[in-house]
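*Asks:* my questions are about this predicted structure, shown below with the sequence.
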Amino acid sequence: MTSKCLHIRGMLLLWYFITCFEVSGVLEETCSSPVYLELGDTGTLQCSFPNDFHTLQWYDADDIFGETAILTYNELREKSGPGYSSGEYDIHPNGSLIIRNVSMEHETTFTVTMFQTLQQLPQHFQVRVKTVAKSLRNRPVIPSCETTLGSCYIEWTQSTSISCQIEHSRPAINTTWSLRNSQGDNKSPSRHEIWSDVETYTTAVKLHDPSMYQTNLSIYVCKADDPIGLLEMNETTVLLEKKDIDWSQFPVIEKFRERYSTVKLPCSQQSPQIVVWKEGESVNDLITGVYEVPSEDNFRSPVPDRWKLGANGSLTIQKISITDESTYACHSFDGKMETFDVYKLKVIGRILPTETQSVLIKTGTPWTAIILVAALIVIVCLGFIIRFLLTVTQTRHPIRNREQRQRTAQIYEGVNLEDTPSISVDKRIPRNVPEDSVHMSRSYSTHTSL
């Protein structure tokens with residue numbers, strides 16, 4: 001009796017192990033698990049069942065004892081169940097479950113039972129669902145320099161907080177800071193923060209690396225740990241430059257060039273890893289113009305027109321004009337040593353009026369030019385108004401104006417017609433009479449008349 005019981009128990013254990021082995025093997029080949037479904041989208045629990053199955057039943061639970069199937073798919077390929085009737089679920093001809101408008105409630109374990117025939121015990125398969133939400137940005141974001149290029153530049157001081165974050169994702173995505181140099185990336189000390197709303201998470205990591213104070217130029221990379229592929233790009237690179245550099249301590253090299261010529265300003269570094277060019281009226285008000293990290297793909301700021309960066313970091317300006325007359329500074333770093341080069345560009349040649357206006361605007365006095373132009377317009381308008389009024393007056397009183405002109409001419413000749421209306425002056429001058437005789441005769445006739 002005892003041996004028979006042991007035999008039955010052994011057979012049951014053997015059947016259990018065989019069943020579990022078959023189920024796990026079929027599970028691996030039949031349904032994919034886990035499945036990541038994006039909130040708000042339509043998702044599919046991918047399965048592949050034999051074409052000759054009799055019935056499939058899907059449950060939104062891992063323990064189906066006493067549960068009602070949300071969707072049933074029978075041998076006639078008819079669909080039924082409360083989940084199908086409500087429109088929340090549907091099924092693919094191959095048996096895959098379709099979930100419409102994925103929500104947090106769908107983050108659970110789904111179970112599907114397959115009846116090959118009614119005479120056989122059903123097989124059970126489980127699929128774990130994880131709901132996800134993609135960040136609004138496709139890569140780690142550095143708030144202090146918004147960019148879509150994957151690289152940016154920051155002038156920083158010791159009080160500047162440099163952080164990297166990933167906003168509104170599910171699950172939370174961890175990020176780290178690393179210092180990048182010619183030897184590779186070295187993880188930097190950082191402070192991590194995380195906060196959440198109802199469905200998503202926002203993670204942030206603040207750079208807290210004492211080694212960044214040892215150099216004026218450095219490159220840091222914010223990396224995201226994204227195993228399920230929620231982001232399109234996992235890295236964002238930032239170029240850091242100290243803001244409080246005293247440029248007045250470096251010698252200034254003067255460059256004289258004619259208008260419309262080309263000038264080339266070199267950097268001391270022959271193979272720089274980082275190049276930053278600045279421009280300003282003097283060394284005290286330099287502003288970053290362009291920057292480049294040759295070792296990084298697409299790590300270059302937009303270059304102004306007529307500017308060109310060389311492979312060795314040199315700056316070439318083509319067709320220079322008076323507006324290019326300024327102070328230029330190159331800050332470069334080759335991984336071991338920094339160099340500082342300062343140039344004063346002076347343009348030789350006549351200044352055109354259009355260039356004069358550009359200089360006024362460039363030097364920060366655009367209101368002066370605007371006021372001068374406005375005053376000129378007012379003066380011209382006043383001239384037109386006065387001329388118009390004079391024309392109108394002459395048109396309204398032509399007789400009076402003619403009499404005034406005659407009276408003026410007579411006074412100029414020395415005769416007052418109002419006092420001697422009957423006297424007329426013979427202005428005819430005989431030929432071949434000297435000019436002096438004419439004057440004498442005219443004055444004598446006038447005296448006699450009076």
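*Replies:* Arrived safely, thanks for sending. Note that the coordinates shown come from a computational prediction; the quantities given were computed from them, not determined experimentally.

*Asks:* in the strand or helix carrying Lys223, what counts as buried?
*Replies:* Secondary structure assigned from DSSP states H and E places Lys223 in strand 217-225. Across strand 217-225, burial judged by 16 or more other C-beta atoms under 10 Å covers 217-224. To be clear about C-beta, it is placed using only N, CA and C from the backbone, and glycine gets the same treatment.

*Asks:* which one among those gets closest to Asp334?
*Replies:* Proximity of those to Asp334 (C-beta to C-beta) peaks at Leu217, which lies at 10.1 Å.

*Asks:* pick out the most distant pair among the buried residues of strand 217-225.
*Replies:* Leu217 and Ala224 (24.6 Å).

*Asks:* which of the helices or strands spans Phe340?
*Replies:* When elements are assigned from DSSP H and E, Phe340 belongs to strand 338-348.

*Asks:* the strands in the stretch 251-400 of the chain, which residues?
*Replies:* 252-258, 263-265, 274-280, 287-292, 307-309, 315-317, 327-333, 338-348 (DSSP state E, counting those that start in this stretch).

*Asks:* can I get those in TSV with distance to His192?
*Replies:* Formatted as TSV, the strands of the stretch 251-400 of the chain follow (distance: least, C-beta to C-beta, whole Å):
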stretch	distance to His192
strand 252-258	46
strand 263-265	43
strand 274-280	28
strand 287-292	29
strand 307-309	37
strand 315-317	40
strand 327-333	29
strand 338-348	31
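
*Asks:* which one of these lies closest to Tyr73?
*Replies:* Of those, nearest to Tyr73 by C-beta to C-beta is strand 287-292, at 60.7 Å.

*Asks:* count the residues that sit near Ile194.
*Replies:* The local packing of Ile194 (other C-beta atoms under 10 Å) involves 13 other residues.

*Asks:* could you do Lys346 as well?
*Replies:* By other C-beta under 10 Å, 12 other residues sit near Lys346.

*Asks:* check the residue lying closest to Leu39 once chain neighbours are set aside and give its pLDDT.
*Replies:* Nearest residue to Leu39, sequence neighbours excluded (C-beta to C-beta, 6 or more residues apart in numbering): Ala133, at 5.0 Å. pLDDT, Ala133: 95.

*Asks:* need phi/psi at Ala133.
*Replies:* Note on Ala133: backbone dihedrals following degrees, to the nearest 10 are phi -140, psi 130.

*Asks:* would you agree it is in contact with His168?
*Replies:* Yes. Under the criterion of C-beta atoms under 8 Å, Ala133 makes contact with His168 at 6.7 Å.

*Asks:* who touches both of the two?
*Replies:* Thr200 (C-beta atoms under 8 Å, 6 or more residues apart in numbering).

*Asks:* quick one, helices of the chain?
*Replies:* 2-30, 82-85, 353-362, 366-396, 398-413, 435-449 (DSSP state H).
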